[in-house]
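[1] quick one, fold the following:
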Amino acid sequence: MKTATCVLGVLLATALGGCGDHDHPHPHPHSESPAPQAPASGHHSGKVIDLGTASAGPFHLHVTRDEAPLKEGGVAPVDVRVTPHAGVTAVRLWIGAADGAGALKVKAEIEDAKEPNRFHNHVEVPQPLPADAKLYVELEAAGARHVAGFDLKR
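    Residues are numbered from 1 along each chain as shown. Got it, this is the predicted structure:
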C-alpha cells in the first residue's frame, strides 16, 4: 500500500509540475481533442509563418503556424481560417503524408467566438520528420471530407 501511495504521489507531482521544456498550454492534444481555450490576443508567442492558401472541396483555407523551428517530437501551433465556415463539423490537422498513415491527427477548434472561421490547435511534429512531410488540413462537412496539404516552410 505504501508503494502504491508513493508511486501515485510521484505521478501526480509530475503531472502537475509539467516537463518544463516548453512554453505552450497544457494538456497536450494527443488525439482528436479540443484545443485549449485561450484568449486570441497574446496566445501566440510571436510572429507567424504564412503557409499559404488552398481549396478543400467548396472551402477556401488560409493556414499559418507560429514562427519557431520545427522540432521533431515537438508541436507546431497552427491556425486555419475557413471560408465559408458554416456547415464545417470538424477540422483535423496532421503533419506527415497525405493519407495520414502513422500521423497523430488533432481536432482543431474555434479558439475565439469572435472569429468563428479560425480554428486552432497544436500539431505533433513526427520523429523523425520526413523531408517531404507537409501539414494537412481535413475538413468535414455534410458527411464529406476534403483535404489540402501545405508546405511547412521549415
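[2] residue boundaries of the strands in the chain?
    Secondary structure of the chain, counting by DSSP state E: strands at 48-56, 59-66, 75-83, 88-96, 106-110, 118-124, 134-141, 144-150.
[3] mean pLDDT for those - can I get that in TSV?
    TSV is the format used below for these (pLDDT from 0 to 100):
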stretch	mean pLDDT
strand 48-56	97
strand 59-66	98
strand 75-83	97
strand 88-96	97
strand 106-110	97
strand 118-124	98
strand 134-141	98
strand 144-150	97
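[4] got TSV for these, with mean neighbour count too?
    In this view, the C-beta of every residue, glycine as well, is placed from N, C-alpha and C. Output for the strands of the chain, formatted as TSV (neighbours: other C-beta atoms under 10 Å):
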stretch	mean neighbour count
strand 48-56	15
strand 59-66	20
strand 75-83	21
strand 88-96	21
strand 106-110	21
strand 118-124	24
strand 134-141	21
strand 144-150	16
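[5] spit out the contact partners of Thr53.
    Applying C-beta atoms under 8 Å, 6 or more residues apart in numbering to Thr53 gives the contacts His60, Leu61, His62, Val63.
[6] quick check: bridge partners of it?
    His62 (DSSP bridges).
[7] how about Glu72: what's its closest non-neighbour residue?
    Leaving out its chain neighbours, the residue that sits closest to Glu72 by C-beta to C-beta, 6 or more residues apart in numbering is Gln127, at 4.0 Å.
[8] what about the one you found, distance to Leu104?
    Gln127 is 11 Å from Leu104, where distance means C-beta to C-beta, to the nearest Å.
[9] could you do Leu129 as well?
    Look at Leu129 and Leu104: by C-beta to C-beta, they are 13 Å apart.
[10] swap in Pro77?
    From Pro77 to Leu104 the distance is 15 Å (C-beta to C-beta).
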